[in-house]
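K.L.:
Need a 3D model of the following:
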Amino acid sequence: MSILRTNGLSHTVNQELTPAILYVLVASLLIGAASARAASQAVPADPLSKIQTPPQPTVRGVVVSTLDGKPIANVQVKIQVGYNFSAKVSTDEEGRFEFSGVAPGKGYISASKPGFLQNLGQFGLGASKDIQVNEQDVEVQLTLIPGAVVAGRVRNEAGGPVIKVPVCLFQRQIRNGSFTWLAVHCAKTDNDGAYRVQELEPGSYILQTGLMADPSEPGNYFTVNTDMRHGYVPTYYPSGSDPAWAKEIKLAIGDQVTIDQILARQKFPLVIIPYSVDIVDSAGSAGNGVMDAEGGQLPLQSIWDHDRHRFGIYAPKGSYKFSVIFGPSNDWAKGGAIVPWKDGSTLPYYGVAEFTVQDRPMTLPEMPLQHPISIPIHLQTDFTRQDQPQGVAGKSSGPIPQDACFNLWQRWGGQAIKNMCWRLGEPEGNHSFKDVVPGS
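P.N.:
Numbering: from 1, shown residues only. Now for the predicted structure:
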């Protein structure tokens with residue numbers, strides 16, 4: 001019998017101690033002692049560790065077509081919930097999407113893809129929804145509305161493609177109290193003369209191929225083909241220049257319509273518009289535009305022949321207005337300082353020319369140029385208010401305590417170029433519209 005002492009304790013062993021038995025016994029006692037010390041030094045549990053993390057639910061769903069109910073792949077889906085969660089994903093081949101770890105709150109989710117419409121409120125259809133995210137997962141179904149498509153080819157009389165010509169679809173809308181046709185969707189033909197106008201809402205349209213010079217014909221400068229170019233004038237489907245005789249195209253959701261057009265080339269004579277070299281001898285810039293008789297901007301490119309102080313425009317038969325603004329040059333040797341004109345002014349010069357094109361080239365008289373001007377007007381204020389409260393006899397009158405603003409409108413373009421305001425009830429006085437651009 002042997003006696004083993006460890007840590008002040010006595011252990012009786014009934015057999016002869018071998019080295020192996022002794023090693024196991026000592027190791028066991030040491031491990032037990034270490035565990036006892038660790039338990040006596042344990043740190044109390046953190047009370048915050050008992051607080052549960054708020055749930056982070058998942059928002060998932062599918063995007064389908066309103067036309068046939070089939071899922072749509074590669075749709076961009078966006079989600080916004082409160083100020084804490086915003087993300088976007090694309091739908092898979094089965095039209096499904098998923099957002100995980102969404103913060104609870106109110107928000108919205110929307111879908112979009114080229115070729116589909118975002119919203120058709122008059123039909124009760126839309127591609128977005130409001131959502132409320134709580135602790136549970138949310139399932140959402142979004143619908144996309146296939147837009148109608150009008151496509152086709154534009155050729156000339158020889159059967160060749162007409163490239164880069166604008167093709168526009170017009171809808172009848174009310175403007176200034178009357179119905180008019182307004183362009184709502186446009187495209188341009190490619191190198192094969194093909195075009196495609198998509199994302200069209202249901203409704204009635206007319207189709208027009210627009211005005212342009214033939215891009216396949218050289219002669220964009222005075223040094224080449226100085227007399228004439230060819231081009232294409234606005235033509236409504238099936239033919240003609242008057243929208244009143246155009247054939248209406250009725251489209252429903254998802255319609256695919258093919259319309260081909262054949263255009264006739266016409267002569268575009270050169271119109272030369274000279275300006276005074278005595279006034280503008282060193283202009284640094286010149287911005288200009290060509291408008292039709294109704295004030296619509298036209299895609300006719302003017303050519304600035306700076307050395308000979310003139311502009312050139314190739315235009316078909318019709319009436320036009322050409323406007324230009326000249327800016328003074330800069331002296332870069334003096335840090336870009338503006339170089340004054342001969343009259344000592346640094347204000348821009350404006351010019352306006354009105355003309356009618358027939359079937360041959362023409363040169364206009366020298367276009368007059370002038371600085372912005374002021375138009376004096378005389379106003380006599382005689383505005384009063386008349387109040388008649390309900391149930392009270394008689395009327396009270398007095399000056400209207402507010403501002404009145406007046407606009408000066410240009411005949412072409414339909415934009416207010418200047419405005420002025422004054423207090424109603426002020427004594428009569430003289431006023432001016434300042435810095436007015438010359439024109440009608």
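K.L.:
In the chain, what residue spans correspond to helices?
P.N.:
19-40 (DSSP state H).
K.L.:
Show me where it dips below the pLDDT cut-off.
P.N.:
1-55, 119-126, 176, 218-226, 280-282, 378-404, 410-420, 422-430, 438-440 (pLDDT under 70).
K.L.:
From the structure, what's the count of residues near residue 230?
P.N.:
18 (other Cβ atoms under 10 Å). Bear in mind the C-beta positions are built from the backbone N, C-alpha and C, glycine included.
K.L.:
residues contacting it?
P.N.:
Under the criterion of Cβ atoms under 8 Å, 6 or more residues apart in numbering, the contact list for residue 230 reads 213, 214, 217, 265, 266, 267, 268.
K.L.:
got a list of what residue 205 touches?
P.N.:
Applying Cβ under 8 Å, 6+ apart, the residues near residue 205 are 150, 169, 170, 171, 184, 248, 249, 251.
K.L.:
Buried members of these into PyMOL, please.
P.N.:
Of the contacts of residue 205, the buried ones go into a single PyMOL selection, burial set by 16 or more other Cβ atoms under 10 Å:
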select buried, resi 150+169+170+171+249+251
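K.L.:
Where strands are concerned, which of the contacts of residue 205 count?
P.N.:
Residues of those located in strands (DSSP state E): 150, 169, 170, 171, 184, 249, 251.
K.L.:
Can you add distance to residue 354 and give those residues back as CSV?
P.N.:
Formatted as CSV, these follow (distance: Cβ to Cβ, whole Å):
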residue, distance to residue 354
150, 36
169, 31
170, 27
171, 31
184, 30
249, 36
251, 39
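K.L.:
out of these, who's nearest residue 157?
P.N.:
Nearest to residue 157, judged by Cβ to Cβ, of these is residue 150 at 22.6 Å.
K.L.:
Quick check: that closest one touching residue 200?
P.N.:
Yes. If you go by Cβ atoms under 8 Å, residue 150 and residue 200 touch, sitting 6.7 Å apart.
K.L.:
Identify the contacts common to these two.
P.N.:
Residues touching both residue 150 and residue 200 (Cβ under 8 Å, 6+ apart): 169, 251.
K.L.:
wait, what's in contact with residue 242?
P.N.:
Neighbours of residue 242 in contact, by Cβ under 8 Å, 6+ apart: residue 236.
K.L.:
Can you get me a residue count around residue 96?
P.N.:
15.
K.L.:
Repeat that for residue 375.
P.N.:
Residue 375, neighbours per other Cβ under 10 Å, totals 11.
K.L.:
which residue packs closest to it, ignoring adjacent ones?
P.N.:
residue 433 (4.6 Å; Cβ to Cβ, 6 or more residues apart in numbering).
K.L.:
quick one: residue 432 and residue 369, what's the gap?
P.N.:
22 Å (Cβ to Cβ, to the nearest Å).
K.L.:
err, residue 189, not the other one
P.N.:
For residue 189, the distance to residue 369 - Cβ to Cβ - is 39 Å.
K.L.:
I'd say residue 316 and residue 358 touch.
P.N.:
No. Counting by Cβ under 8 Å, residue 316 does not reach residue 358; the two are 10.1 Å apart.
K.L.:
Among the two, which residue is more densely surrounded?
P.N.:
Taking other Cβ under 10 Å, residue 316 and residue 358 do not tie; residue 316 has more neighbours (20 against 9).
K.L.:
For that one, give me its contacts.
P.N.:
Taking Cβ under 8 Å, 6+ apart, we find residue 316 in contact with 211, 231, 233, 266, 267, 268, 357.
K.L.:
Now the two most distant members of these.
P.N.:
The distance between the two most remote of those (Cβ to Cβ) is 13.7 Å, for 211 and 267.
K.L.:
Among those two, which residue is more densely surrounded?
P.N.:
It is residue 211, of residue 211 and residue 267, that has more neighbours when counted by other Cβ under 10 Å, with 20 against 16.
K.L.:
where does the more buried one fall, phi/psi-wise?
P.N.:
phi -80, psi 140 (degrees, to the nearest 10).
K.L.:
Test my guess that residue 88 contacts residue 78.
P.N.:
Yes. At 4.4 Å, residue 88 and residue 78 qualify as touching, with contact defined as Cβ under 8 Å.
K.L.:
Need the nearest residue in space to residue 209, chain neighbours excluded.
P.N.:
residue 235 (5.0 Å).
K.L.:
likewise residue 206?
P.N.:
Closest to residue 206 by Cβ to Cβ, 6+ apart is residue 246, at 4.0 Å.
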